[in-house]
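**Q** Have a look at this prediction, sequence included:
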Amino acid sequence: MIARTAPLWMLALLAFPGGGHPARLLAAGDAVQVSQPAQASATPSASARDLPAILAEANRRVVKLYGAGIGQRHGYASGVVVSRDGLVVTVLGLFLEATNLRAVTADGHIYRAEPVYRDEYRQLALLKLAGRPDNVDTDASVDEQMARIDLDAFDPAEGAEVRTGDWIFAVGNNFKVAEGEEPVSVLKGIVSGRMKLDALRGVQAFPFRGEVLLLDAITSTPGAPGGALVDLEGRWVGLIGEIATARQTNTYLNYAYPIEELRAFLADARSGAEAATRPASPDAPPGYHGIRLSRIAYRRQLPFVERVAPGSPAAAAGVKPDDLIVSANGTAISRANVFHELCERLHAGEELSLIVKRGEQLIPIRFKLSEPPK
Amino acid sequence: MGVGGLKGMVAALLMCAGVVFGQAAVPDNSDPLSIQRAQQEVFRRAARRVAPCVVTIETIGGTQPVDEPAPRQTLPSGPGDPPGRPPGPERGPGFIIADGPTTGLIWSADGLILTSAFNFVRDPSVITVILPDGRRFVGELLARDEVRRLAMVKIGATGLPVPEWVREADALRVGQWALALGRGFGGEDPSVSAGIISGLNRKGGVAVQTDAKLSPANFGGPLIDIQGRVLGICVPMGLGNDALAGVEWYDSGIGFAIPFWQAGKSAESLAVGHNLRRGLLGVQVDPRFKGGVRIRNLAEPSPASRAGLVAGDVILSFDGKPVREFADLQRLMSARVAGEKVAVRVRREQREMDLTVVLGVPEDMGPMPALEAETGPTESGPDPSRAQDD
């Protein structure tokens, strides 16, 4: 058993604020300290384990989560155990707001769970399992309670990166099919690719813009999010993301956070800092290009250049009226709003790389944004 | 790049395929996962071989009934929906086409790109095609095939790499691996979904079926075998005949691709700008009648009337295949394009006769003469309200 013999991701919660504040955001000053892995453990070799053994082990490291459901939002999810003393990574969701959030392990034990860290950008949360309800010692401190927890856990340091074409197995409680001591469902698929997430949840934008693993297993179903993705060796390679639709296709997106992102999330949780990989919002002034798109009142405005301000960066670079902007910084510009939204995020000094259609020609134009004129 | 110089790679692939499927398939008996490990590598090689021929298509402008995110309402579940699926993007006829890129496959070295007609349902005003090497071209939509859901785009490029196709129908077998490639999610390499061939001769014989996950992310992209040869072009196909039918089955494990012996026929017409439309007879039929299809009424003029059919005739066979009821006729006609000549056997007052119909499009037809009784379905569908249109 790899995880049992490997050095564990040692974690100590010092003076952790007691229960009763499940919705509390762990602030930067909170004393959460986690020691680094004592030593890098050896990569699991191609052992003689067969797939059922590997998947049974993965299943022991995934919990079923039950919380609050409101309206159409389901009140359940899955979670990945990342330390033997009961830290669990899952997706950020409404179900976490329950006052009686519960985690059920593969052996059927029920634990009280509390969110200890929320990452609004990645839409991930870290929970700690705070003692077994059937064995709660109210006099004991949280540390003492947690010290009694001993779970089978993934070691994030042993996680692996996967490539397009690799077999993967999604281990989660899709449609909460598994109950009590039943193991959760395992779906097979391959890694379809990697892409930067540009997704919607419901009708709202999903804030995370990092790279995710696309899967051809159907994981965008209630209950699966928060589940583990493992590879053929049984290594932890990803965490199934919350149900979302892709902007590119308007279809449900089957995706997982890759292990690097999960390690970064855990590092952030460890330092107690706000998620560090948020899109930059520096103090630099907004960027100015000098392009005005045509504003005829079509419902779907084509990104035609109406005017280029004389002396502006766009004018100097050669953008001309009647150019049709086809792409900006690698994003296809299907209509004027897409261009505006993209430019709003840019600051003075940043580069704008356009492809414009002029007649039947496609012309690349690249320039740096300036500060807006006074 | 050219497709030449692939011989060594093909040899390597065949060796790999041997590793996967050959008799002494397990090189390392101590490793129970050696087959799966070999499969991963084969998948990657197959995808790499065809990737240089898989292009990105971007469209700008065009019509869209609704262009904002799906309305917040509970939508009827599609057949592909597992129970309890949350409300999400609208499905079926109301499916909202996203703004993202779509996929096409190089058909000829001189710039023909074969793709799915799904990618142009908006009638975009500008089409650009991005080759895997990053070069970008303005594309011209030459024509579409309404039956096979294909479309052909022309770009001003030469010397393009053309993929190898599996050309023989009997080379495909249910159960063989099939990988679907697409560029709908962007990124450097096409996305890959792995499945098998689930069925042959589907949708009136125009399509093969796969359980690889097909969606707007790979409609228009190739379905390939593990040697990287093209088995077909992925297209949405469902129960209906409209351009979006089948989109509601996306990612469901029920997907379709147009194989070479169908795509090739289609491409000949599309390449010269000739649209292929669904072929119609121009008749209204009695839906309750069994033992054939009884014609209640004919448009005048119409392909049926030109062929000599009259009201009261009972169609017994279509293209040599027996017709027992309306559904048979609908299925047999689903794969027929306008302009095709089809032999029809009918019974008229105890006498059987063979006629030849040249199928047509609605524009070839006059109005349906008014009938005193209620109207029946036309051969294009069971909806009587469409009788006037057809």
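**A** Arrived safely, thanks for sending. Numbering: from 1, shown residues only, chains lettered A, B, ... in the order given.

**Q** Can you pull out the low-pLDDT segments for the chain?
**A** No chain was given, so I picked chain A. Along chain A, the parts satisfying pLDDT under 70 run over A:1-47, A:69-73, A:131-147, A:203, A:272-283, A:297-300.

**Q** hm, I was asking about chain B
**A** By pLDDT under 70, the weakly predicted segments of chain B are B:1-28, B:64-94, B:372-376, B:378-390.

**Q** again, only using 50
**A** B:1-26, B:65-93, B:382-390 (pLDDT under 50).

**Q** Using the record's domain definitions, break it down for me.
**A** B:9-276, B:283-386 (automatic domain parsing).

**Q** so who does A:Asp150 touch?
**A** A:Arg84, A:Asp85 (Cβ atoms under 8 Å, 6 or more residues apart in numbering or on different chains). Placement of C-beta: from N, CA and C, glycine included.

**Q** ranking the domains of chain B by burial, who's on top?
**A** Comparing the domains of chain B by mean neighbour count (mean count of other Cβ atoms under 10 Å in any protein chain shown), domain B:9-276 comes out on top with a mean of 20.

**Q** ok, which stretches of chain B are helices?
**A** Counting by DSSP state H, chain B has helices at residues B:7-21, B:34-50, B:260-271, B:303-306, B:326-333.

**Q** before we move on, back to that, for A:Arg112, find the nearest of the domains of chain B.
**A** Across the domains of chain B, A:Arg112 has its closest neighbour in domain B:9-276 (26.7 Å, Cβ to Cβ).

**Q** how close does B:Val285 get to chain A?
**A** 37 Å (Cβ to the nearest Cβ, to the nearest Å).

**Q** and the gap between that residue and A:Glu181?
**A** According to Cβ to Cβ, to the nearest Å, B:Val285 and A:Glu181 sit 59 Å apart.

**Q** picking that back up, make CSV out of the helices of chain B and add distance to chain A.
**A** Shown next, in CSV, are the helices of chain B (distance: least, Cβ to the nearest Cβ, whole Å):
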stretch, distance to chain A
helix B:7-21, 12
helix B:34-50, 4
helix B:260-271, 20
helix B:303-306, 38
helix B:326-333, 28
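
**Q** Quickly check: the longest strand along chain A near chain B or not.
**A** Determined from DSSP state E, the single longest strand within chain A is strand A:185-196. Yes - residues of strand A:185-196 are located near chain B by Cβ under 8 Å from any Cβ of the partner chain, namely A:Gly189, A:Ile190, A:Val191, A:Ser192, A:Gly193, A:Arg194, A:Met195, A:Lys196.

**Q** Now the buried members of these.
**A** The neighbour-count test (16 or more other Cβ atoms under 10 Å in any protein chain shown) marks A:Gly189, A:Ile190, A:Val191, A:Ser192, A:Gly193, A:Arg194, A:Met195 as buried among these.

**Q** Would you mind naming what in the stretch 151-300 of chain A lies close to chain B?
**A** Selection of the stretch 151-300 of chain A residues close to chain B by Cβ under 8 Å from any Cβ yields A:163-167, A:175, A:189-196, A:200, A:202-203, A:214, A:216, A:218, A:221-222, A:232-233, A:243, A:245-252, A:254, A:299-300.
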